[in-house]
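**Q** My questions are about this predicted structure, shown below with the sequence.
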Amino acid sequence: MPEWQPQTAEDRLIRRYFEQVGGALYLEVPIGGGKGDAWPAKSKTRRIDAVRLVGVNDSGIARHSKESFAAALALAHGVELIEVKVHLNRYLIGQAVAAVDMFERQYGRPTKAVLLCRQGDPALEWVCAKHDIEVRLIPEDANPEAH
């Protein structure tokens, strides 16, 4: 499978964050849906922009694969649920809150929410701190083609 290449500004934020922290990063991880025992019928599937598994040797960025994700999740020491937008906003915070609650219900693992943004907002950063949501402000890459 070819190496993942960032296509959008949000993808580039994910790549820059991964370069800083490492680990195993899975993209577009589904949660919810009306299948299985965790969710009522007719529940919609949502996607988390990225899930970082801490302490997993399989370092890299990969599209979500149910089998490889489940195996890696079992080995992880920690789980970060990553949502990304260029600007910090209330919608992004809501995505993080929903992702944490739904992921913990579906997988039975405690998690930490991490928001990646280029531009913050002091009031919304205060809200995030109050709810234990980490905000990582990542400056624009001067040369996005270098990655």
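**A** Perfect, thanks for sending it.
**Q** and stretch 48-62, how far from the chain's centre?
**A** 9 Å (C-alpha atoms, centre = their mean, to the nearest Å).
**Q** what residues does that stretch touch?
**A** 1, 3-4, 10, 14-15, 18, 21-31, 64, 68-69, 72-73, 75-84, 99, 103, 114 (C-beta atoms under 8 Å, 6 or more residues apart in numbering). In short, each C-beta sits where N, CA and C put it, glycine included.
**Q** tell me the contacts of residue 47?
**A** 28, 29, 30, 31.
**Q** The second one and residue 46: what is the separation?
**A** It refers to residue 29. Per C-beta to C-beta, to the nearest Å, residue 29 is found 10 Å from residue 46.
**Q** and those two? which has more neighbours close in?
**A** residue 29 (22 against 15; other C-beta atoms under 10 Å).
**Q** so that one touches residue 64, yeah?
**A** Yes. Counting by C-beta atoms under 8 Å, residue 29 touches residue 64, with 4.8 Å between them.
**Q** Spatially nearest residue to the residue nearest the centre of the chain, not counting backbone neighbours?
**A** Centroid-nearest residue in the chain: residue 82, 2.1 Å away (criterion: C-alpha atoms, centre = their mean). What sits nearest to residue 82 in space, not counting adjacent residues and going by C-beta to C-beta, 6 or more residues apart in numbering, is residue 50, at 4.1 Å.
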